[in-house]
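Peer 1: I'd like to go over a predicted model; first the sequence, then the structure.
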Amino acid sequence: MKEYLQKYVTLRKHNFRVAVKKAKRSKMCYAFLAPYAILFTLFYILPVCSSIFFSFTYYNILESPRFIGIQNYINLILADDIFLTGVKNTFMIAVITGPLGYIMSFLFAWLINELPRWIRTIAVVVFYAPSIAGNVFVIFSILFRGDAYGQVNALLIDMGLIDAPVLWLTNPAYMLPICMVVILWMSLGMGFLSFVAGLQGVDRSQYEAGCIDGVKNRWQELWFITLPNMKPMLMFGAVMAITQSFGVCDVTMALCGYPSTDYAARTVVTHLFDYGFSRFEMGYASAIATMLFLVMILCNKAIQSLLRRVGT
Amino acid sequence: MSKKRKETKIEKQPRHVVLKRRQPNRSRVGDFFVYLFLLLMAVAMVFPLVYAIESALKPLDELFKFPPTVFAQNPTLDNFSDLFVTMGKSWVTFSRYIFNTVFITAVGTFGHLIVASMGAFVLAKYEFPGGQAFFKVVTVAMMFSGYVTSIPNYLIINSLGWIDTYWAIIIPAFALPTGLFLMKQFMEGLPTSLIEAAKIDGANEWRVFSGIVMPNVKPAWLTLIIFSVQGLWNNRAATFIYSEEKKTLVYALQQIQSGGIARTGQSAAVQVIVMAVPICIFILSESQILETMASSGLKD
């Protein structure tokens, strides 16, 4: 046992020395990476670590942080009803818009792939424009305006479906569905571009080979040839979709107000903003951020292991 | 007579080509429904954007007509000029908001491009201890959105003394993980022999980077630029910047909106300005961006 341990230690030492030597020889590499690495550490790694640290403290910026164990987490789950509303809303939005937006991205990319080149170019712009146009989703607040001048209300009154205008964005019953529609409208983002580009890269001869080997229709072709070829892009798209669907806050804040009626459109991120930047309870807000961080990472890992099995 | 014959010949040829290029495993009925579905979806996707543009062109009486119309009957540019006139009287002029946004976007994008490409270059083309591990951490960072780190970020920027300056928005944008990721994936496609040849000719690493690698990854530049512009152009910056004269266009948009229902036309005009820039950049660089995204796959 002792001998074994000694061998292990010498081996480790040797490896370490080799690594140091290599590192010394590649000083230039570190010099090139340094600017990015420093900024990345400062604005990504350090914040995550300090967020985990602050989540165990009571911290309000004025006083120095006071360690209170897991009290923040206990309060969040047991005493904060609004947080639970936020979790429920975020979960609903993520579960519905995440997968749906992901499938839509792939479906559209796949369908426009066979169009002639110039139509495809236009189609990509048309489908991608809503997500790149940024804050233009605010236009939905005019479309869904609560008085009779709103386009949707006017249309429904005209058709005789309703007698009086509906308060779309202040009635809790309609808020979430409308937000979901808007989020879906904007969901053809970076993942969609990745799919479009990936589909162009699939080798044509594989389709011909598949045809000879007995692939009968476009759906079989999709499952047996296209999807396995697209696996890396599917992973990338999934990462983008998950990150986006859990971080929803812009749309709900802009359309339904902040805070919204009855907190019906509160999400985890708006709750985080409320405690972090309105009440300055940084410890409590950090606990929310840490939980969100863990959920995002776990969800990503789970989806990735699921996607690895595609087409097998 | 002979002229006519020629014409028919030309007409026939493309049809032949189309038939030959038709892919296997496609039925005509299926194609028809696919195209119909795509057309309907495209109309649905474009409608809100068109509606925004039309609202910006409507004069005030048309904005409050019953029943409301989608298209403007007497389109005017009054809403746009009103932006400069009414906002011109206020303490901070509208052009100042535009300048702030343009400055933040331009500097942030330029810095991001340089810093991320330098990092991506060594990660893609050299092997050194810690390189792979660092890249793995960067891909993990893509998995959570920036909101998670917003509070510690605020504290860090505060301790650096950057609150209420442009740097609070510009510098963190340099370190965007997706930019490094896309650049690295694209640079891996460059032939290593290109770099080796340059080295044999006596070029040092900086020369290789600036003279050989960067000109060869122009498509990736445009991709980084579009994603960075998209993020910075739409940045509200409300948490970091307090002075009115340093606030951004999107913030101005929100203020105009909160000005109430009478400002509907003007807020639509700002929306058109806000969306026009990223969409135009995208249209101009679409083919290069798609070329980069082809290497965007996430391998295990």
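Peer 2: Yep, that arrived.
Peer 1: okay, CA-based contacts and neighbour counts for the rest of this
Peer 2: Fine.
Peer 1: does any bit of stretch B:279-290 sit next to chain A?
Peer 2: Yes - under the criterion of Cα under 8 Å from any Cα of the partner chain, chain A is reached by stretch B:279-290 at B:279, B:282-283, B:286, B:290.
Peer 1: Could you pick out the buried ones from the residues you listed?
Peer 2: Using 16 or more other Cα atoms under 10 Å in any protein chain shown as the burial test, those include B:279, B:282, B:286, B:290 as buried.
Peer 1: so when I look at the second one, I'm seeing a helix, right?
Peer 2: Going back to what we said before, that points to residue B:282. Yes - under DSSP: H, G, I helix; E, B strand; the rest coil, residue B:282 sits within a helix.
Peer 1: which ones are touching residue A:141?
Peer 2: Shown in contact with residue A:141 (Cα atoms under 8 Å, 6 or more residues apart in numbering or on different chains): A:169, A:255.
Peer 1: Report pLDDT for it.
Peer 2: On the pLDDT scale, residue A:141 is placed at 83.
Peer 1: Could you say which helix or strand holds it?
Peer 2: When elements are assigned from DSSP states H and E, residue A:141 belongs to helix A:140-143.
Peer 1: what's downstream of that helix, the next helix or strand?
Peer 2: Counting by DSSP H and E, the next helix or strand C-terminal to helix A:140-143 is helix A:151-159.
Peer 1: In that next one, which of the residues would be classed as buried?
Peer 2: Residues of helix A:151-159 classed as buried by neighbour count (16+ other Cα under 10 Å): A:151-157.
Peer 1: Same list, the residues you listed, but only the ones touching chain B.
Peer 2: Near chain B, judged by Cα under 8 Å from any Cα, the entries from the buried residues of helix A:151-159 are A:151, A:154.
Peer 1: what would the buried residues of helix A:151-159 look like in CSV with pLDDT?
Peer 2: Shown next, in CSV, are the buried residues of helix A:151-159 (pLDDT from 0 to 100):
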residue, pLDDT
A:151, 81
A:152, 84
A:153, 84
A:154, 83
A:155, 84
A:156, 86
A:157, 85
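Peer 1: which SSE is residue 272 in?
Peer 2: Since you didn't name a chain, this refers to chain A. In the assignment (DSSP H and E), residue A:272 maps to helix A:268-273.
Peer 1: Chain B was what I was after
Peer 2: Per DSSP H and E: helix B:264-293 holds residue B:272.
Peer 1: low-confidence ranges in the chain?
Peer 2: No chain specified, so I'll use chain A. A:311-312 (pLDDT under 70).
Peer 1: My question was about chain B, not that one.
Peer 2: B:1-25, B:87-91, B:300.
Peer 1: circling back: what is the nearest of the residues of stretch B:279-290 next to chain A to chain A?
Peer 2: Distance to chain A across the residues of stretch B:279-290 next to chain A (Cα to the nearest Cα) is lowest for residue B:290, with 5.1 Å.
Peer 1: correct me, but the closest one touches residue A:191?
Peer 2: No - at 11.4 Å, residue B:290 does not count as touching residue A:191 under the criterion of Cα atoms under 8 Å.
Peer 1: tell me the secondary structure for the nearest residue to residue B:59 once chain neighbours are set aside?
Peer 2: Nearest residue to residue B:59 in three dimensions, chain neighbours excluded: residue B:76, at 6.3 Å (Cα to Cα, 6 or more residues apart in numbering or on different chains). Classification of residue B:76 by three-state DSSP places it in coil.
Peer 1: what about residue B:76, neighbour count?
Peer 2: Using other Cα atoms under 10 Å in any protein chain shown, residue B:76 has 15 other residues around it.
Peer 1: could you point out which element follows the top helix by length along chain A?
Peer 2: Across chain A, the longest stretch assigned as helix under DSSP state H is helix A:81-112. Counting by DSSP H and E, the next helix or strand C-terminal to helix A:81-112 is helix A:117-132.
Peer 1: what about that following helix and chain B, touching?
Peer 2: Yes - residues of helix A:117-132 are located near chain B by Cα under 8 Å from any Cα, namely A:121, A:123, A:125-127, A:129-130, A:132.
Peer 1: swap in stretch A:160-180?
Peer 2: No - judged by Cα under 8 Å from any Cα, stretch A:160-180 makes no contact with chain B; its nearest approach is 12.4 Å.
Peer 1: Please compute how far that stretch lies from its chain's middle.
Peer 2: Its chain's C-alpha centre and that of stretch A:160-180 lie 26 Å apart, by Cα atoms, centre = their mean, to the nearest Å.
Peer 1: Who are the contact partners of residue A:287?
Peer 2: Residue A:287 neighbours (Cα under 8 Å, 6+ apart): A:51-52, A:54-56, A:72-73.
Peer 1: how near is it to chain B?
Peer 2: The gap separating residue A:287 from chain B is 10 Å, by Cα to the nearest Cα, to the nearest Å.
Peer 1: For the nearest residue to residue A:102 once chain neighbours are set aside, give me its contacts.
Peer 2: Leaving out its chain neighbours, the residue that sits closest to residue A:102 by Cα to Cα, 6+ apart is residue A:241, at 6.2 Å. Residues counted as contacts of residue A:241 (Cα under 8 Å, 6+ apart) are A:98-99, A:101-102, A:187, A:191.
Peer 1: how about residue B:157, what does it touch?
Peer 2: B:163, B:168.
Peer 1: follow-up on the earlier one: and the residue nearest to residue B:59, its phi and psi?
Peer 2: The phi/psi pair for residue B:76 (degrees, to the nearest 10) reads phi -130, psi 170.
Peer 1: Residue A:19 too?
Peer 2: Taking degrees, to the nearest 10 as the convention, residue A:19 sits at phi -60, psi -40.
Peer 1: before we move on, the earlier item: chain center to the longest helix of chain A, what's the gap?
Peer 2: Distance, stretch centre to chain centre, for helix A:81-112: 9 Å (Cα atoms, centre = their mean).
Peer 1: and it with helix A:117-132, angle?
Peer 2: Interaxial angle, helix A:81-112 versus helix A:117-132 (axes from the mean of the first three to the mean of the last three Cα atoms, to 10 degrees): 170 degrees.
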